[in-house]
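[1] coords please:
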Amino acid sequence: MLRPLAAIALLALLALLAGCQEYAEPTLTPGQKKKVEAHLLSEAPTPQHPVGAVIEDQVRLIGYDIDKTTAKPGERVKVTYYIEVLAEKPDDNKIFVHFQGRKNDPKAWMNLDHHPIEGLQPLRKLKKGDIVHDIQEFKIREDFPGGPAKVYWGLWRGNYRLKVSNADDPKVEVDKEGRVVLATVKVEGKAGGEKPKAKPRLPMARAMKLGEGESITVDGKLDEPVWSRAVATAKWTSPDGKDRPVPETTARFAWTPDTLYVAVESVDSDVWSTFTERDSNTWEQEVIEVFLDPDGDKKDYLELQVTPANVIFDAKFERHRSDLAKARAWNMKGFETAVAVDGTLNERGDTDKGYTVEMAIPVAEVPGAKAPLAHGFTWRINLFRWDAPKEGRQQAAAFSPPIVGDFHALDRFGRIRFMDPKLGRVLPRSMRPAITPKTLKLDPKKANLRLPGNPAAPIPATPPATSGEASGGE
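    Numbering: from 1, shown residues only. The predicted structure follows:
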């Protein structure tokens, strides 16, 4: 038995370890180190436009400079932000910048999120009193519609947008979304008048039930017969919905009444990941992400991630992008994962072929999921892949493109339908005709119709909804 003091010390150690997180720390060259040093100021500047917005207890945006307030599509705009660190040890915050014209027009919106000094100096590596001279230069998209566009600024951490502490100060302008409003740029050209294009349809995937006596060993190899019967999704596409090259990725699904199996196959010439601790910032390198909101209520949804090194991140959110620390503290019981690499993990000098992630997700651990699973059930789901090649920027691919810059866009989750081949194919309700003797041109008095899977039951005039229809919808 531990003595009281020893027990307290052990609890403190466990709490410390639980709070530890890994980050993808950049390795700087001597030239990059000099650049960082040159952008750390020894005294407070006098910006063209003072702001003074305080973001919680983390930083103060002293002000900004901007090189132009009128520009044409395709031209570059340079904004310089002056940021003072207030916290003794800043959290893992990232700067978000939105350049936005007419609302609800995807062409009039640009996401300019970044770490300071061209990504070389994460805010978490600064200390209290540091003043950062952060220069951001961006090119206005060629199809940006004419009219006024504003620059919005703030901080976000994982899934949480930090609040402006002095939003009631009349000198600090904050919009309804909690963003600090900075400059207005007049974009010359034709004002956007055309209707935004309709968003792509939500994709539907099918999960194949295991047959009698079948089982799956979670090892990433996909050599069980059910995987050959499971139909792969279409190749994933760009998260913004545009027709552009993305890392080649597909997924397959299988199930038993108490488990959903997910297999994601990724073509990758350089398979790597340096994370080793559970619930690290795995999205900063290469990773597969699965989001689950079975009943589509946009509450208590899950985010599950697996790296090529089989390190997992699992989080349960109470609502859209609720507190990340609380969500991250949750661990899924019985969650099994494995990765098979076709190549050499973390050997950056060779050429790999890809990797496969396999997951076994206990249905009992998924909020909003009816158990046991049954033929015809429908869940809301989305999947993403982050790829970080040796050369170039990190890229993403999506099963269901969110269109907006938010992987937690719950209304853009696709669907997965659970299928038992013995019971046939389940059509969406909108495509399912009412089955009656009349529609089959039979005499109602002589008809003796039966439902598949239950020969003793006659078919009613209106077919019953499958168990999953109420939860997933169409």
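
[2] before we move on, which element is the closest residue to E88 other than its chain neighbours in?
    Nearest residue to E88, sequence neighbours excluded (C-beta to C-beta, 6 or more residues apart in numbering): K128, at 5.0 Å. No exception for glycine: its C-beta is placed from N, CA and C like everyone else's. Using DSSP states H and E, K128 is not contained in any helix or strand.

[3] per-residue confidence at K128?
    On the pLDDT scale, K128 is placed at 94.

[4] residues in contact with it?
    Applying C-beta atoms under 8 Å, 6 or more residues apart in numbering to K128 gives the contacts 85-88.

[5] Which PyMOL command selects the buried ones in these?
    Buried members of the contacts of K128, defined by 16 or more other C-beta atoms under 10 Å, are picked up in PyMOL with:
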select buried, resi 85+86+87
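
[6] now, which of the contacts of K128 lie within helices?
    Using DSSP state H, no member of the contacts of K128 falls in helices.

[7] was I right about K78 contacting K139?
    No - K78 is beyond contact range of K139, at 10.6 Å (criterion: C-beta atoms under 8 Å).

[8] returning to what we had before: name the nearest of the contacts of K128 relative to L202.
    Checking those against L202 by C-beta to C-beta gives A87 as the nearest, at 41.0 Å.

[9] wait, what's in contact with that closest one?
    When contacts are counted by C-beta under 8 Å, 6+ apart, A87 touches 57-59, 128.

[10] who wins for neighbours among those?
    Neighbour counts for the contacts of A87 (other C-beta atoms under 10 Å) peak at V59, which has 24 neighbours.

[11] surely that residue meets I83?
    Yes - here V59 reaches I83: they are 5.3 Å apart, a contact under C-beta under 8 Å.

[12] which residues do these two both contact?
    L123.

[13] mind giving me the domain ranges of the chain?
    Following automatic domain parsing, one gets these domains for the chain: 33-187, 204-421, 430-465.

[14] Which of those domains has the highest mean neighbour count?
    When you average the neighbours per residue for each of these (mean count of other C-beta atoms under 10 Å), domain 204-421 leads with a mean of 19.

[15] quick one: that one to chain centroid distance?
    Distance of domain 204-421 from the chain centroid (C-alpha atoms, centre = their mean, to the nearest Å) equals 11 Å.

[16] Repeat that for stretch 48-62.
    Using C-alpha atoms, centre = their mean, the offset of stretch 48-62 from its chain centre is 28 Å.

[17] re earlier: now the residue nearest to E88: how far from S42?
    Here K128 is placed at a distance of 15 Å from S42 (C-beta to C-beta, to the nearest Å).

[18] now swap in P30 and tell me
    For P30, the distance to S42 equals 21 Å [C-beta to C-beta].

[19] tell me how far stretch 107-116 is from the chain's mean position?
    For stretch 107-116, the distance to the chain centre is 17 Å (C-alpha atoms, centre = their mean).

[20] Just the terminal-to-terminal distance for it.
    In stretch 107-116, first residue to last residue: 26 Å (C-alpha to C-alpha, to the nearest Å).

[21] So what touches it?
    With C-beta under 8 Å, 6+ apart as the test, stretch 107-116 has contacts from 39, 81, 83, 94-102, 121-123, 132, 134, 136, 138, 140-141, 143-145, 147, 149, 156, 192, 196, 405.

[22] what about the stretch 1-150 of the chain, any weak spots by pLDDT?
    1-26 (pLDDT under 70).

[23] Which parts of it are strands?
    Assigned by DSSP state E, counting those that start in this stretch, the strands in the stretch 1-150 of the chain fall at 40-41, 49-55, 59-66, 70-71, 76-85, 94-100, 109-111, 131-139, 147-157.

[24] helices and strands around the second one, which ones?
    The reference is to strand 49-55. strand 59-66, strand 147-157, strand 180-187 (3 or more C-beta pairs under 8 Å, 6 or more residues apart in numbering; DSSP states H and E).

[25] What pairs with the first one, parallel or antiparallel?
    Using DSSP bridges, the strands paired with strand 59-66 in its sheet are strand 49-55 (antiparallel), strand 76-85 (antiparallel).

[26] all strands for the stretch 251-400 of the chain, in order.
    259-267, 287-292, 301-306, 312-317, 336-342, 354-362, 378-387, 395-398.

[27] relative orientation of the longest one and strand 354-362 in degrees?
    Regarding strand 378-387 and strand 354-362, their directions subtend 150 degrees when assessed with axes from the mean of the first three to the mean of the last three C-alpha atoms, to 10 degrees.

[28] Distance of K107 relative to V287?
    Separation of K107 from V287 (C-beta to C-beta): 30 Å.

[29] Same check on G154?
    Using C-beta to C-beta, one gets 25 Å for the distance from G154 to V287.

[30] swap in E391?
    19 Å.

[31] re the thing from before, just name the closest of the contacts of K128 to F377, please.
    Nearest to F377 among these, with distances taken as C-beta to C-beta, is A87, at 46.6 Å.

[32] Which among the strands paired with strand 59-66 is found nearest to P294?
    Nearest to P294, of all these, is strand 49-55, at 35.3 Å by C-beta to C-beta.

[33] residues making contact with the closest one?
    Outside strand 49-55, the residues within contact range by C-beta under 8 Å, 6+ apart are 60-66, 86, 93, 153-155, 162-166, 169, 171-172, 174, 180, 182-183.

[34] on that earlier part again, the strands paired with strand 59-66: which one's closest to G213?
    strand 49-55 (58.1 Å).

[35] Mind listing the residues bridging to L304?
    V290, D314.
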